[in-house]
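Enquirer: fold the following, please.
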Amino acid sequence: MSIEWLVSGAFIVSFVTQLVVIKLSHRHKLFIDSQEESKPQRFHKEATPRAGGIGILTGLFFVLFTPLG
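Expert: Below is the predicted model of the structure:
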């Protein structure tokens, strides 16, 4: 397995996972930051999904658990 396949596989796993998470979060209102909550670091005007790291972590785990990882 070459490094190109490893990087491509990690990207595809991360991308597909993030698409699934985005679809599920919009459909079931998961990982959505509510507008009514007051948070000191808040700067979005509408409800915002907060699950971007899930796709990144799945890509990282894909790389770590392959033979070249």
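Enquirer: the bottom helix or strand of this protein by mean pLDDT?
Expert: Taking mean pLDDT, DSSP states H and E as the measure, the chain has strand 32-33 as its least confident helix or strand, at a mean of 66.
Enquirer: which parts of the protein are strands?
Expert: Using DSSP state E, the strands of the chain run over 32-33, 48-49.
Enquirer: any regions of this protein where pLDDT drops low?
Expert: 1, 32-44, 47-49, 68-69 (pLDDT under 70).
Enquirer: which other helices and strands does the top helix by length along the chain contact?
Expert: If you go by DSSP state H, the chain has its longest helix at helix 3-28. Judged by 3 or more Cβ pairs under 8 Å, 6 or more residues apart in numbering; DSSP states H and E, helix 3-28 is in contact with strand 48-49, helix 52-64. Heads up, the C-betas are built off the backbone N, CA and C, glycines and all.
Enquirer: just want the angle from it to helix 52-64.
Expert: Helix 3-28 and helix 52-64 are oriented at 150 degrees to each other (axes from the mean of the first three to the mean of the last three Cα atoms, to 10 degrees).
Enquirer: how far out from the middle of the chain is helix 3-28?
Expert: Computed by Cα atoms, centre = their mean, to the nearest Å, the chain-centroid distance of helix 3-28 equals 7 Å.
Enquirer: need the residue closest to the centroid of the chain.
Expert: Gly55 (2.9 Å; Cα atoms, centre = their mean).
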